[in-house]
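Asks: Return atomic coordinates for the entry below.
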Amino acid sequence: METNLPDVLAEVTTAFERYEQALVSNDVAVLDELFWDSPHTLRYGATENLYGIKEIRAFRNGRPAAGLQRTVLRTAITTHGRDAATTNIEFQREGNPRIGRQSQTWVRMPEGWRVVSAHVSWMA
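Replies: Numbers count the residues shown, from 1 in each chain. Just a heads-up that it's a prediction; the model follows:
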């Protein structure tokens, strides 16, 4: 298995950048599109544990749209073969001195790259 094949890395980077833009602009339709439409999808948030796409969608539809902007401090994207990848970032929100962390596992599906697992947390 090859790591970071240039064409696969470019595809995942594009999908990740699309996700990041959708997140900070609260484009729920794109966020829903980029998460695997499955009861097996998992998202551990900073304050919530969401199991399955239905819980993830309910959370996204119910959260406030304000205060989503963040500055990405560091990004690490690694592809594993042609069909799997991980994305990890460190970020900070204005007025908050803590560093946030986000990790995602992406899998190539017939419809494109989808997040199958995500985790967000804050450092003390």
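Asks: Please make it C-alpha for all contacts and neighbour counts, starting now.
Replies: OK.
Asks: mind checking how far Ile53 is from Asn96?
Replies: Counting by Cα to Cα, to the nearest Å, the gap from Ile53 to Asn96 is 29 Å.
Asks: between those two, which one's more packed in?
Replies: A count of neighbours by other Cα atoms under 10 Å puts Ile53 above the other of Ile53 and Asn96, at 20 against 8.
Asks: Local confidence estimate at Thr41?
Replies: As predicted, Thr41 sits at a pLDDT of 98.
Asks: What's the separation between it and Gln92?
Replies: 26 Å.
Asks: same thing with Leu50?
Replies: 23 Å.
Asks: cool, Ile77 as well?
Replies: Taking Cα to Cα as the measure, Ile77 falls 18 Å from Gln92.
Asks: next one: Glu111
Replies: 32 Å.
Asks: Neighbour count for those two, which is higher?
Replies: Higher neighbour count among Glu111 and Gln92: Gln92, with 17 against 9, using other Cα under 10 Å.
Asks: Perfect, that will be all.
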